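**Q** need a structure here:
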Amino acid sequence: MPGIRSRFAYICAALAVFCFHNGYAQSEGFTSKIYFPGAIGLSIPVKNASGSINNGFMLSTALEYRPSEENHIFYRFNYDAINNHYQQFTAGLPTNVNTGKLSVSLLTIGAGYRRRFKHFRIYGLVQGGVGINNYPILTSTASNITVSQVSSDHLAIKFSIGAEYYLAKHFALTIEPSYFHLPPDDQIVPINTNNLNLSIGFTTTLF
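**A** As a prediction, this is how the structure comes out:
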């Protein structure tokens, strides 16, 4: 969808300015409010009627701003990389390769709420952004056949819940179930419209 990436970049820039300005207005050090979650996990496609997709590997990194360490709203930018193998069942998909590897890059931004219970914290998070599908496509001429990679952009919606166990003030082990949806548009139907994910990892500040 034309313009999705550029609009998403403007939203990210505006949120970054807000967090930077608000962080320096607080008494606690700004760097202690910026967290860097990282995780690996399993991605399970669901309700993808256009084809059969195997479970895949998920790698997540994020940048999170917490105005307060207590029960409070927080803001997070996520980059999720997901790899699956698929088999096409129906026509109308954005690839003419029946069996191949599908790579998805999710760039999402949003807000959530975190609640503290001694060493544990739980949270919920809603994000929106862009999902970039990368898939193989076959082109042929009289002399050769070429398989190349092409991409398509789609709106993305992501819902997450999570739990954190703190080993230190600014370091925790995490577990996060999540769900993302790529709504089809008038031009291209995504191969993977719905995925359930489960990831484990950590979150920490730089200082």
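**Q** Pairing partners for residue 131 in the sheet, please.
**A** Taking DSSP bridges, one obtains residue 106, residue 154 as the residues bridged to residue 131.
**Q** That one - how many residues pack around it?
**A** 27 (other Cβ atoms under 10 Å). To be clear about C-beta, it is placed using only N, CA and C from the backbone, and glycine gets the same treatment.
**Q** Need the residues that contact stretch 172-185.
**A** Contacts to stretch 172-185, defined as Cβ atoms under 8 Å, 6 or more residues apart in numbering, come from residues 1, 37, 39, 41, 60, 80, 106, 108, 121, 131, 133, 154-167, 190, 192-204.
**Q** whoops, I mixed them up, stretch 136-151
**A** Contacts of stretch 136-151 (Cβ under 8 Å, 6+ apart): 94, 95, 96, 97, 100, 101, 132, 133, 134, 135.
**Q** So which of the contacts of stretch 172-185 sit within strands?
**A** 39, 41, 60, 80, 106, 108, 121, 131, 133, 154-167, 194-204 (DSSP state E).
**Q** List the buried residues for stretch 152-164?
**A** By 16 or more other Cβ atoms under 10 Å, the buried positions in stretch 152-164 come out as 152, 153, 154, 155, 156, 157, 158, 160, 162, 164.
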